[in-house]
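1. Dropping a prediction and its sequence here:
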Amino acid sequence: MKILSIANPTGGTGKSATALAIAVAAAEYGRNVLLVDLDERANLTFQLAIENPRFTLLEVASGSASLDLSVVRTAERFDFLPGAPRLTALLSAEKLAEKFATYDLVVIDTASSLSARLTIASEISDAVLYPTTNSLSSVRGVLLAKNIFKDSWQLGVLPVMTDLVTDVISALSADFKILDPAIPLDENTLLAQIENKSLLNFAKTSPASDAYRDVTYFLLEELFGGKTNAAL
(Lines give C-alpha, C1' and ligand atoms only; values in the text may rest on other atoms or scores of the structure.)
Protein backbone atom coordinates (compact mmCIF):
# COMPACT_ATOMS: atom_id res chain seq x y z
CA MET A 1 0.00 0.00 0.00
CA LYS A 2 1.09 3.53 -0.78
CA ILE A 3 -0.52 6.66 0.65
CA LEU A 4 -0.31 9.75 -1.55
CA SER A 5 -1.34 13.17 -0.27
CA ILE A 6 -2.40 15.92 -2.65
CA ALA A 7 -1.41 19.04 -0.77
CA ASN A 8 -1.44 22.80 -1.03
CA PRO A 9 -2.93 24.84 1.82
CA THR A 10 -3.70 27.68 -0.58
CA GLY A 11 -7.23 27.46 -1.98
CA GLY A 12 -8.04 27.44 -5.68
CA THR A 13 -5.09 25.30 -6.78
CA GLY A 14 -7.12 22.44 -8.23
CA LYS A 15 -6.26 20.17 -5.32
CA SER A 16 -9.59 18.34 -5.03
CA ALA A 17 -9.96 18.00 -8.80
CA THR A 18 -6.44 16.58 -8.96
CA ALA A 19 -7.04 14.09 -6.14
CA LEU A 20 -10.21 12.86 -7.85
CA ALA A 21 -8.60 12.64 -11.30
CA ILE A 22 -5.62 10.67 -9.99
CA ALA A 23 -7.93 8.27 -8.14
CA VAL A 24 -9.97 7.66 -11.30
CA ALA A 25 -6.91 7.28 -13.53
CA ALA A 26 -5.18 4.93 -11.09
CA ALA A 27 -8.30 2.76 -10.99
CA GLU A 28 -8.31 2.74 -14.80
CA TYR A 29 -4.74 1.45 -14.64
CA GLY A 30 -5.92 -1.46 -12.53
CA ARG A 31 -5.07 -0.27 -9.04
CA ASN A 32 -7.32 -0.85 -6.01
CA VAL A 33 -7.83 2.78 -4.95
CA LEU A 34 -9.29 4.53 -1.92
CA LEU A 35 -9.89 8.30 -2.14
CA VAL A 36 -10.11 10.03 1.26
CA ASP A 37 -11.62 13.46 1.90
CA LEU A 38 -9.51 14.96 4.69
CA ASP A 39 -10.39 18.57 3.83
CA GLU A 40 -12.42 20.32 6.52
CA ARG A 41 -14.60 21.81 3.77
CA ALA A 42 -15.37 18.32 2.42
CA ASN A 43 -15.27 19.57 -1.17
CA LEU A 44 -14.94 16.11 -2.66
CA THR A 45 -17.81 14.74 -0.63
CA PHE A 46 -19.99 17.56 -1.94
CA GLN A 47 -18.70 17.20 -5.51
CA LEU A 48 -19.54 13.50 -5.55
CA ALA A 49 -23.09 14.39 -4.42
CA ILE A 50 -22.77 12.48 -1.16
CA GLU A 51 -25.06 14.29 1.27
CA ASN A 52 -25.34 13.37 4.92
CA PRO A 53 -23.48 10.07 4.70
CA ARG A 54 -24.28 7.71 7.56
CA PHE A 55 -20.62 6.96 8.17
CA THR A 56 -17.60 9.15 7.44
CA LEU A 57 -13.91 9.43 8.19
CA LEU A 58 -14.93 10.45 11.72
CA GLU A 59 -16.54 7.08 12.46
CA VAL A 60 -13.65 5.18 10.91
CA ALA A 61 -11.09 7.18 12.87
CA SER A 62 -12.97 6.77 16.16
CA GLY A 63 -13.52 3.06 15.61
CA SER A 64 -17.32 3.30 15.77
CA ALA A 65 -17.68 2.02 12.18
CA SER A 66 -15.50 -0.16 10.00
CA LEU A 67 -13.85 1.14 6.86
CA ASP A 68 -15.68 -1.44 4.77
CA LEU A 69 -19.02 -0.19 6.08
CA SER A 70 -18.12 3.48 5.62
CA VAL A 71 -16.69 3.65 2.10
CA VAL A 72 -18.80 4.54 -0.91
CA ARG A 73 -18.27 2.23 -3.88
CA THR A 74 -18.24 4.44 -6.95
CA ALA A 75 -19.12 3.64 -10.54
CA GLU A 76 -15.59 4.72 -11.49
CA ARG A 77 -14.03 1.74 -9.70
CA PHE A 78 -12.49 3.53 -6.75
CA ASP A 79 -13.72 3.59 -3.17
CA PHE A 80 -14.41 6.89 -1.44
CA LEU A 81 -14.33 7.77 2.25
CA PRO A 82 -16.45 10.90 2.91
CA GLY A 83 -15.13 13.78 4.96
CA ALA A 84 -16.36 14.99 8.33
CA PRO A 85 -16.32 18.47 9.90
CA ARG A 86 -15.36 17.36 13.43
CA LEU A 87 -12.39 15.10 13.32
CA THR A 88 -8.95 16.06 14.52
CA ALA A 89 -9.15 15.24 18.21
CA LEU A 90 -10.15 11.65 17.47
CA LEU A 91 -7.45 10.87 14.95
CA SER A 92 -4.50 8.62 15.57
CA ALA A 93 -2.43 8.80 12.42
CA GLU A 94 -0.86 5.37 12.88
CA LYS A 95 -4.16 3.61 13.57
CA LEU A 96 -5.83 5.38 10.68
CA ALA A 97 -3.16 4.25 8.22
CA GLU A 98 -3.57 0.66 9.40
CA LYS A 99 -7.24 0.72 8.37
CA PHE A 100 -6.26 1.41 4.74
CA ALA A 101 -4.03 -1.64 4.36
CA THR A 102 -6.27 -3.54 1.90
CA TYR A 103 -5.79 -0.91 -0.84
CA ASP A 104 -2.95 -0.55 -3.34
CA LEU A 105 -3.17 3.23 -3.37
CA VAL A 106 -4.77 5.69 -0.98
CA VAL A 107 -5.17 9.23 -2.33
CA ILE A 108 -5.81 11.92 0.27
CA ASP A 109 -7.36 15.28 -0.51
CA THR A 110 -5.78 17.30 2.28
CA ALA A 111 -6.91 20.32 4.25
CA SER A 112 -6.96 23.73 2.58
CA SER A 113 -5.33 25.34 5.58
CA LEU A 114 -2.31 25.01 7.82
CA SER A 115 -4.18 22.86 10.32
CA ALA A 116 -3.78 19.71 12.37
CA ARG A 117 -5.46 17.82 9.53
CA LEU A 118 -2.54 18.65 7.25
CA THR A 119 -0.15 17.36 9.89
CA ILE A 120 -2.14 14.14 10.19
CA ALA A 121 -1.92 13.65 6.42
CA SER A 122 1.84 14.17 6.54
CA GLU A 123 2.22 11.57 9.30
CA ILE A 124 0.56 8.80 7.30
CA SER A 125 1.72 9.70 3.78
CA ASP A 126 4.42 7.89 1.88
CA ALA A 127 4.50 10.61 -0.77
CA VAL A 128 3.13 14.06 -1.55
CA LEU A 129 2.21 15.91 -4.74
CA TYR A 130 1.68 19.67 -4.90
CA PRO A 131 -0.86 21.02 -7.43
CA THR A 132 0.16 24.60 -8.17
CA THR A 133 -1.15 27.42 -10.33
CA ASN A 134 0.83 30.30 -11.79
CA SER A 135 0.19 32.46 -8.75
CA LEU A 136 2.50 33.58 -5.99
CA SER A 137 0.04 32.46 -3.31
CA SER A 138 -0.06 28.87 -4.60
CA VAL A 139 3.74 28.75 -4.81
CA ARG A 140 3.90 30.01 -1.24
CA GLY A 141 1.48 27.23 -0.30
CA VAL A 142 3.92 24.65 -1.69
CA LEU A 143 6.77 26.05 0.37
CA LEU A 144 4.65 26.03 3.52
CA ALA A 145 3.43 22.48 2.90
CA LYS A 146 6.97 21.26 2.27
CA ASN A 147 7.85 22.03 5.88
CA ILE A 148 4.95 19.89 7.06
CA PHE A 149 5.58 17.01 4.62
CA LYS A 150 9.34 17.07 5.18
CA ASP A 151 9.44 13.33 5.88
CA SER A 152 7.34 12.34 2.85
CA TRP A 153 8.58 11.47 -0.62
CA GLN A 154 8.44 14.73 -2.57
CA LEU A 155 7.04 13.63 -5.95
CA GLY A 156 6.98 17.17 -7.26
CA VAL A 157 4.90 20.13 -8.31
CA LEU A 158 2.03 19.64 -10.77
CA PRO A 159 1.17 22.82 -12.71
CA VAL A 160 -2.62 23.00 -13.06
CA MET A 161 -5.03 25.23 -14.96
CA THR A 162 -2.25 26.53 -17.15
CA ASP A 163 -0.96 25.98 -20.66
CA LEU A 164 2.26 27.83 -19.86
CA VAL A 165 4.57 27.30 -16.92
CA THR A 166 5.80 30.79 -16.12
CA ASP A 167 8.73 31.92 -14.02
CA VAL A 168 6.45 31.77 -10.94
CA ILE A 169 6.29 27.97 -10.98
CA SER A 170 9.73 27.57 -12.55
CA ALA A 171 11.19 29.22 -9.45
CA LEU A 172 10.34 26.02 -7.57
CA SER A 173 12.49 23.87 -9.84
CA ALA A 174 15.55 24.24 -7.62
CA ASP A 175 13.79 22.29 -4.86
CA PHE A 176 11.08 20.29 -6.64
CA LYS A 177 10.56 18.29 -9.79
CA ILE A 178 8.12 20.15 -12.07
CA LEU A 179 5.89 17.46 -13.53
CA ASP A 180 5.06 17.31 -17.21
CA PRO A 181 2.56 17.60 -18.76
CA ALA A 182 0.95 20.55 -17.05
CA ILE A 183 -2.82 20.26 -16.62
CA PRO A 184 -4.32 22.76 -19.08
CA LEU A 185 -7.19 25.08 -18.31
CA ASP A 186 -10.24 23.15 -19.49
CA GLU A 187 -13.88 24.25 -19.26
CA ASN A 188 -14.83 20.60 -18.81
CA THR A 189 -13.29 20.68 -15.33
CA LEU A 190 -15.98 23.06 -14.08
CA LEU A 191 -18.73 21.37 -16.08
CA ALA A 192 -17.80 18.03 -14.54
CA GLN A 193 -18.07 19.51 -11.06
CA ILE A 194 -21.52 20.86 -11.85
CA GLU A 195 -22.57 17.39 -12.99
CA ASN A 196 -21.05 15.79 -9.85
CA LYS A 197 -18.69 13.71 -11.96
CA SER A 198 -14.97 13.34 -12.33
CA LEU A 199 -13.37 15.10 -15.27
CA LEU A 200 -12.10 11.77 -16.63
CA ASN A 201 -15.63 10.38 -16.68
CA PHE A 202 -17.34 13.54 -17.92
CA ALA A 203 -14.88 14.30 -20.73
CA LYS A 204 -12.83 11.16 -21.27
CA THR A 205 -10.65 12.51 -24.08
CA SER A 206 -10.35 16.16 -23.12
CA PRO A 207 -6.83 17.67 -22.97
CA ALA A 208 -6.95 17.87 -19.18
CA SER A 209 -8.13 14.25 -18.86
CA ASP A 210 -5.29 13.06 -21.08
CA ALA A 211 -2.79 15.08 -19.06
CA TYR A 212 -4.03 13.67 -15.76
CA ARG A 213 -3.70 10.12 -17.12
CA ASP A 214 -0.12 10.80 -18.21
CA VAL A 215 0.76 12.25 -14.81
CA THR A 216 -0.89 9.37 -12.98
CA TYR A 217 1.03 6.83 -15.05
CA PHE A 218 4.25 8.56 -14.00
CA LEU A 219 3.18 8.62 -10.34
CA LEU A 220 2.32 4.93 -10.33
CA GLU A 221 5.68 4.06 -11.86
CA GLU A 222 7.40 6.10 -9.17
CA LEU A 223 5.35 4.69 -6.30
CA PHE A 224 5.32 1.05 -7.39
CA GLY A 225 8.67 0.73 -9.10
CA GLY A 226 7.46 0.61 -12.67
CA LYS A 227 4.78 -2.02 -11.94
CA THR A 228 1.97 -0.09 -13.56
CA ASN A 229 -0.84 -2.25 -14.87
CA ALA A 230 -2.18 -1.72 -18.36
CA ALA A 231 -5.29 0.42 -18.62
CA LEU A 232 -8.44 -1.67 -18.35
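-> Perfect, thanks for sending it.
2. contacting residues for Val72?
-> Each residue near Val72 by Cβ atoms under 8 Å, 6 or more residues apart in numbering is listed here: 48, 50, 53, 79-82. In this view, the C-beta of every residue, glycine as well, is placed from N, C-alpha and C.
3. okay, and for this protein, where does confidence drop off?
-> Applying pLDDT under 70 to the chain flags the ranges 86-94, 226-232.
4. Where is the longest helix in it?
-> For the chain, the longest helix by residue count, based on DSSP state H, is helix 207-224.
5. buried set for it?
-> Neighbour-count burial for helix 207-224 flags 208-213, 215-220, 222-223 (criterion: 16 or more other Cβ atoms under 10 Å).
6. For Gly63, state which of those residues is nearest.
-> Nearest to Gly63 among these is Leu223, at 28.4 Å by Cβ to Cβ.
7. Grab the nearest non-local neighbour of that closest one.
-> Lys2 (4.6 Å; Cβ to Cβ, 6 or more residues apart in numbering).
8. got a list of what that neighbour touches?
-> Lys2 touches 104-106, 126-127, 223-224, counting by Cβ under 8 Å, 6+ apart.
9. For it, name its beta-bridge partners.
-> Counting by DSSP bridges, Lys2 is bridged to Leu105.
10. What distance do you get for it to Val33?
-> 10 Å (Cβ to Cβ, to the nearest Å).
11. joint contacts of those two?
-> 104-106.
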